[in-house]
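Student: structure for this input, please:
(one chain, ligands or ions: 2)
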Amino acid sequence: TSTPAAGNPYDGYEIYLSPYYADEVIAAAAAITDPTLKAKALKVKDIPTFTWFDVVAKTSQLGTYLADADAKAKTTGKKYLVQIVVYDLPDRDCAALASNGEFTIANNGLNNYKGYVDKLAAEIKKFPNVRVIAVIEPDSLANMVTNMGVTKCQGAASAYKEGTIYAVKKLSELGVYSYLDAGHAGWLGWLPNLTPAAELFAQIYKDAGSPPFLRGLATDVANYNAYTTTSPDPVTQGSPNYDELKYITSLAPELQSRGFPAHFIVDQGRSGVQNIRKEWGDWCNVKNAGFGTRPTLNTGSSLVDSIVWIKPGGECDGTSNTSAVRYDGHCGKESAHKPAPEAGTWFQAYFENLVKYANPAL
Ligand SMILES: O=[N+]([O-])c1ccc(O[C@@H]2O[C@H](CO)[C@@H](O[C@@H]3O[C@H](CO)[C@@H](O[C@@H]4O[C@H](CO)[C@@H](O)[C@H](O)[C@H]4O)[C@H](O)[C@H]3O)[C@H](O)[C@H]2O)cc1
Ligand SMILES: [Mg+2]
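Tutor: Ligands and ions are numbered 1, 2, ... in the order given. Below you'll find the model as predicted:
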């Protein structure tokens, strides 16, 4: 298909529930003794989240999910969509240590990354009746805006851009609707970062051939910001863009005027509780966070396609073990829940708190 459906790609579709996350949640609930908390925890398995393809080894699993969604569509007569995160750039997470990935630029990483994208594409190609929505590479372009002073980010710039454009083009050819990661209000929403961010995203859009399937941007991925609030979190002091909707509303016209008619999706998976951070830059396993607004198309803004849960709550942001290779100091800060396991692995105590502090309540 060469032209996308007009409007919101979520409209009229059932969101496929990731069996990967459901299994994690079922196991987590089994480990909870308090009957009330246990019952609440089990409800989380029925809330749609994105599945992160953070290693090439996971790409074959995508075919399993697509086949399952295809089968469900046939038996229910409903249209299904599968939500994925493309997350395997070489020299990944260049300004931090916790989520460094499997590929390095020095070791053929960009070619390995293209191979990873090709594997995802090959799975998607088999199931043309299942809609796929992809978030492209959390943190990477945002790092290109604010962290070119970090050696690893400076060295990764061309690979990040070439890799991102390759992924967007390949997935757009297959009719995948994609959203580039755009950090969050506390990152690119600061006024000095806003225009440089718009410049970069519009450039990527153009360099990718202005594909109509590149729907826009994803914000607040793996972060904790309010979608919209009347009482700004104190850490946002000094920024007029103190929530995600304000960030989006100020970014969108800058993109539009540069030829990128971007729409947005906003992660609220861990945004249920505000005023839990010492600093806005605290990103690692922030203590006392709660599950936030459930995924919905009722966003109150024509710019925002959906509130979504992109970071699967309970999967860790990074280890607190100071002697670990991927130890990042942010995971040792006062705001961070400790002890914490490696990024991406299950963090039971953290999950139990997300359930306990969920807002709205589970
Ligand atoms: O008064 N002013 O006008 C003004 C102007 C500029 C100011 O400076 C801004 O300060 C911001 C912090 O307030 C900084 O934002 C932080 O940048 C970090 C990367 O460097 C991000 O970390 C990532 O977080 C991801 C999850 O979100 C992790 O997955 C990932 O591993 C991890 O690396 C933090 O979220 C993000 O909050 C900005 O860069 C910085 O430019 C400040 C004031
Ligand atoms: Mg991370």
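
Student: near ligand 1, which residues of this protein show up?
Tutor: 93, 95-96, 98-99, 139, 146-147, 184, 186-187, 190-193, 222-223, 238, 280-281, 283 (C-beta under 6 Å from any ligand atom). For every residue, glycine as well, the C-beta is placed using N, CA and C.

Student: just give me the longest strand of this protein.
Tutor: Assignment by DSSP state E gives strand 79-86 as the longest strand of the chain.

Student: list the buried residues for that one?
Tutor: For strand 79-86, a neighbour-count test (16 or more other C-beta atoms under 10 Å) marks Tyr80, Leu81, Val82, Gln83, Ile84, Val85, Val86 as buried.

Student: repeat that for stretch 219-237.
Tutor: 219-229, 232-233, 235-236.

Student: same question for stretch 315-334.
Tutor: 315-321, 326-328, 330-333.

Student: quick one: end-to-end distance for it.
Tutor: 20 Å (C-alpha to C-alpha, to the nearest Å).

Student: what ranges does the chain have for its strands?
Tutor: 13-15, 51-53, 79-86, 131-136, 177-181, 214-219, 263-267, 304-308.

Student: between the longest one and strand 177-181, how many degrees?
Tutor: Translated: strand 79-86. Taking axes from the mean of the first three to the mean of the last three C-alpha atoms, to 10 degrees, one finds strand 79-86 and strand 177-181 inclined to each other by 30 degrees.

Student: would you put the C-alpha positions of strand 79-86 in PDB?
Tutor: Provided in PDB are the C-alpha atoms of strand 79-86 (Å, rounded to 0.1, in the frame of the first residue of the first chain):
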ATOM      1  CA  LYS A  79      -9.000  -5.100  12.800                       C
ATOM      2  CA  TYR A  80      -5.900  -5.500  14.800                       C
ATOM      3  CA  LEU A  81      -2.700  -3.400  15.200                       C
ATOM      4  CA  VAL A  82       0.600  -4.400  16.800                       C
ATOM      5  CA  GLN A  83       2.700  -1.800  18.600                       C
ATOM      6  CA  ILE A  84       6.500  -2.100  18.400                       C
ATOM      7  CA  VAL A  85       9.600  -0.200  19.400                       C
ATOM      8  CA  VAL A  86      12.500  -0.300  17.000                       C
END
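
Student: figure out which of the strands of the chain is closest to Leu255.
Tutor: With C-beta to C-beta, the closest approach to Leu255 among the strands of the chain belongs to strand 214-219: 7.9 Å.

Student: now do that closest one: distance to the chain's middle.
Tutor: Strand 214-219 has its C-alpha centroid displaced from the chain centroid by 11 Å (C-alpha atoms, centre = their mean, to the nearest Å).

Student: picking that back up, need the strands of the chain in CSV (columns: mean pLDDT and distance to Ala28).
Tutor: Shown next, in CSV, are the strands of the chain (pLDDT from 0 to 100; distance: least, C-beta to C-beta, whole Å):
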stretch, mean pLDDT, distance to Ala28
strand 13-15, 98, 21
strand 51-53, 98, 17
strand 79-86, 98, 20
strand 131-136, 98, 24
strand 177-181, 98, 26
strand 214-219, 98, 25
strand 263-267, 99, 20
strand 304-308, 98, 21
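
Student: can you lay out those as JSON lines showing distance to Glu199?
Tutor: Listed next are the strands of the chain as JSON lines, based on distance: least, C-beta to C-beta, whole Å:
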{"stretch": "strand 13-15", "distance to Glu199": "33"}
{"stretch": "strand 51-53", "distance to Glu199": "28"}
{"stretch": "strand 79-86", "distance to Glu199": "23"}
{"stretch": "strand 131-136", "distance to Glu199": "18"}
{"stretch": "strand 177-181", "distance to Glu199": "13"}
{"stretch": "strand 214-219", "distance to Glu199": "14"}
{"stretch": "strand 263-267", "distance to Glu199": "18"}
{"stretch": "strand 304-308", "distance to Glu199": "22"}
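
Student: go through these and name the closest to Thr151.
Tutor: Judging these by C-beta to C-beta, what sits closest to Thr151 is strand 177-181, at 21.7 Å.

Student: packing partners of that closest one?
Tutor: Applying 3 or more C-beta pairs under 8 Å, 6 or more residues apart in numbering; DSSP states H and E, one finds that strand 177-181 contacts strand 131-136, helix 140-146, helix 151-173, strand 214-219.

Student: Asp68 against Pro19, yeah?
Tutor: Yes - between Asp68 and Pro19 there is a contact under C-beta atoms under 8 Å: 7.3 Å.

Student: so where's the protein uncertain?
Tutor: The chain contains residues with pLDDT under 70 at 1.

Student: what's the neighbour count on the residue lying closest to Asp88 once chain neighbours are set aside?
Tutor: Spatial nearest neighbour of Asp88, chain neighbours left out: Tyr116 (4.9 Å); criterion: C-beta to C-beta, 6 or more residues apart in numbering. Close neighbours of Tyr116, defined as other C-beta atoms under 10 Å, add up to 26.

Student: do you know how far Tyr116 is from Phe127?
Tutor: From Tyr116 across to Phe127, the span is 19 Å (C-beta to C-beta, to the nearest Å).

Student: please apply the same query to Ala185.
Tutor: Ala185 is 35 Å from Phe127, by C-beta to C-beta.

Student: who has more neighbours out of these two?
Tutor: Neighbour comparison, Ala185 and Phe127: the larger count goes to Ala185, with 29 against 20 (by other C-beta under 10 Å).

Student: ok, that one touching Pro232?
Tutor: No - counting by C-beta under 8 Å, Ala185 stays clear of Pro232, with 10.1 Å between them.

Student: joint contacts of these two?
Tutor: Tyr242, Asp243 (C-beta atoms under 8 Å, 6 or more residues apart in numbering).

Student: list the contacts for Ala22?
Tutor: So Ala22 contacts Lys45 (C-beta under 8 Å, 6+ apart).
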